[in-house]
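Colleague: can't give you the sequence, but here's the structure:
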């Protein structure tokens, strides 16, 4: 499929924005920044196996004459509040059976500090006050330790920590763990998680909150009944979760976080023919079935963030003259409403791609539904029902802009204002469909994020 040069430029902008770095702050600042754009890999299993999450530590190792970072007075901004909760996690006594060995904790902290002194992490512009290790244990076949660099002064993002999970086979020495820690990430999530799998064994997902907090779980998420996690402030899960389990963190009686399990996947294996038939019911273009399977698999990389309740529907796919590909999917969200995602990649090598989610204001399965996906800036891609030859953006009775439908889609420039809708027109000028314009704000999956609140 080919669409015009303008679509290509818009989608090329999305691809150019992608950077192959882990999410440094989980969902803590989701209300205060734009949606993340992730880079995936061709196989969903490989994405699940990637090591994600933030980190902290115990066992202070402080350069001579360097005072610890201090925050005086009440937190006044969201980032101040998040930093305060992260600090409670960073400064907590070490947890885990391996962390009960003070020699191991001290050795790992000292070696990680030496890594920083040797310039391993200079690219992160860190001003390190101390290194701490709040968690270390053998979890199944892995040794997993959370290490945090407590900064002497905020970094360029106003964060007071940098962090990393160091992981090896069970029994790995502190020296070997530190030797493999070649990069650290900005920030520390107060509900810090890591997902890992390797040749030693299965996928493991681990979550950690400050010790004064408690973790609970719930399924199904639409009408949750929260069950306290027996381990209190730590949660561990093995394998990919196909059930829609959600995690909750309560601190001092206040619910601070509710989110899908990081190991939640709507796909646990290859898409069946029956599932694919269902996923193609609302597709606006003809598509090869093998390609459709691949596009849908890629889109589920963003599943936990978007909150897909099931395998999403493939709505549209096309290729631009600039050799940029895009696939649009949409489906119901776990906590109500509808969510979409677009997958983009360049050239004939689909191994590296970006996935970005967006909230849909309307049911995309209704007859006449015109699905609108935000691309970059004020650019949107509208996918009208069959028979439409053009689309227009209207606000009240005023037409804001129009565009022709080419290969099942139209590129629109939509200014930021409320109450806009996109109408689809047939050759006679009659309205044959319509749809709301999704917000460009970060996707809300129906969860709770109050780490930034007082």
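Modeller: Okay, I see it. Here the structure is a predicted model, which is why all the values come from computation and not from measurement.

Colleague: Helices of this protein, start to end?
Modeller: In the chain, the segments counted as helices under DSSP state H are 5-17, 44-49, 78-90, 102-117, 174-179, 273-279, 289-299, 303-306.

Colleague: mean pLDDT for these: which is lowest?
Modeller: Mean pLDDT is lowest for helix 44-49 out of the helices of the chain, coming in at a mean of 31.

Colleague: Buried residues in stretch 141-161, which are they?
Modeller: 142-152, 154-155, 159-161 (16 or more other CB atoms under 10 Å). C-beta coordinates here come from the backbone N, C-alpha and C atoms, glycine included.

Colleague: and if you look at stretch 202-215?
Modeller: Buried residues in stretch 202-215 (16+ other CB under 10 Å): 203-211, 213-215.

Colleague: same deal with stretch 82-101?
Modeller: 82-92, 94-96, 98-99.

Colleague: Distance check, the residue nearest to residue 225 when sequence neighbours are not counted against residue 224.
Modeller: Among residues not flanking residue 225 along the chain, residue 218 sits closest, at 6.0 Å (CB to CB, 6 or more residues apart in numbering). Remark: distance between residue 218 and residue 224 (CB to CB, to the nearest Å) = 4 Å.

Colleague: what residues are shared contacts of those two?
Modeller: 246, 248 (CB atoms under 8 Å, 6 or more residues apart in numbering).

Colleague: Run through the strands of the stretch 101-250 of the chain in chain order.
Modeller: Taking DSSP state E, counting those that start in this stretch as the criterion, the stretch 101-250 of the chain carries its strands at 128-139, 142-151, 161-169, 185-186, 192-198, 201-208, 213-218, 227-228, 234-238, 246-251.

Colleague: Save the ones you listed as JSON lines, and put in mean pLDDT too.
Modeller: Shown next, in JSON lines, are the strands of the stretch 101-250 of the chain (pLDDT from 0 to 100):
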{"stretch": "strand 128-139", "mean pLDDT": "97"}
{"stretch": "strand 142-151", "mean pLDDT": "97"}
{"stretch": "strand 161-169", "mean pLDDT": "97"}
{"stretch": "strand 185-186", "mean pLDDT": "92"}
{"stretch": "strand 192-198", "mean pLDDT": "93"}
{"stretch": "strand 201-208", "mean pLDDT": "94"}
{"stretch": "strand 213-218", "mean pLDDT": "97"}
{"stretch": "strand 227-228", "mean pLDDT": "97"}
{"stretch": "strand 234-238", "mean pLDDT": "96"}
{"stretch": "strand 246-251", "mean pLDDT": "96"}
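
Colleague: Got the domain ranges for this protein?
Modeller: The chain is divided into the following domains under automatic domain parsing: 2-20+267-436, 53-211.

Colleague: closest to residue 386 among the buried residues of stretch 141-161?
Modeller: Nearest to residue 386 among the buried residues of stretch 141-161 is residue 159, at 49.0 Å by CB to CB.

Colleague: Make sure the closest one is actually in contact with residue 83.
Modeller: Yes - the pair residue 159 / residue 83 is scored as a contact, 6.8 Å apart, by CB atoms under 8 Å.

Colleague: Save the domains of the chain as JSON lines, and put in distance to residue 454 too.
Modeller: Formatted as JSON lines, the domains of the chain follow (distance: least, CB to CB, whole Å):
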{"stretch": "domain 2-20+267-436", "distance to residue 454": "25"}
{"stretch": "domain 53-211", "distance to residue 454": "6"}
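
Colleague: Residue 257 is nearest to which of these?
Modeller: Across the domains of the chain, closest to residue 257 is domain 53-211 (CB to CB), at 4.9 Å.

Colleague: distance between that closest one and the chain's centre?
Modeller: Taking CA atoms, centre = their mean, to the nearest Å, one finds domain 53-211 lying 21 Å from the centre of the chain it belongs to.

Colleague: Equivalent analysis for stretch 328-340, please.
Modeller: On CA atoms, centre = their mean, the centre of stretch 328-340 falls 15 Å from the chain's centre.

Colleague: mind listing what's buried in that stretch?
Modeller: Buried residues in stretch 328-340, counting neighbours by 16+ other CB under 10 Å, are found at 328-335, 337-340.

Colleague: before we move on, what about stretch 270-283?
Modeller: 271, 276, 279-280, 282-283.

Colleague: now swap in stretch 118-138 and tell me
Modeller: For stretch 118-138, a neighbour-count test (16+ other CB under 10 Å) marks 120-121, 124, 126, 128-137 as buried.

Colleague: go on, stretch 381-392?
Modeller: Buried residues in stretch 381-392 (16+ other CB under 10 Å): 381-385, 388-392.

Colleague: now stretch 392-410
Modeller: 392-394, 400, 403, 405, 407-410.

Colleague: ditto for stretch 346-355
Modeller: So for stretch 346-355, counting by 16+ other CB under 10 Å, buried means 346, 350, 353-355.

Colleague: mind listing what the closest residue to residue 402 other than its chain neighbours touches?
Modeller: Once flanking residues are discounted, residue 402 sits nearest to residue 392: 4.3 Å by CB to CB, 6+ apart. Residue 392 makes contacts with 399-403, 422-423, 425, as judged by CB under 8 Å, 6+ apart.

Colleague: could these go into TSV alongside pLDDT and distance to residue 446?
Modeller: Supplementary listing: the contacts of residue 392 in TSV, determined by pLDDT from 0 to 100; distance: CB to CB, whole Å:
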residue	pLDDT	distance to residue 446
399	93	34
400	92	30
401	92	32
402	94	35
403	95	32
422	96	25
423	97	29
425	97	34
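
Colleague: Which of the residues you listed fall within strands?
Modeller: Cross-referencing the contacts of residue 392 against strands under DSSP state E gives 399-403, 422-423, 425.
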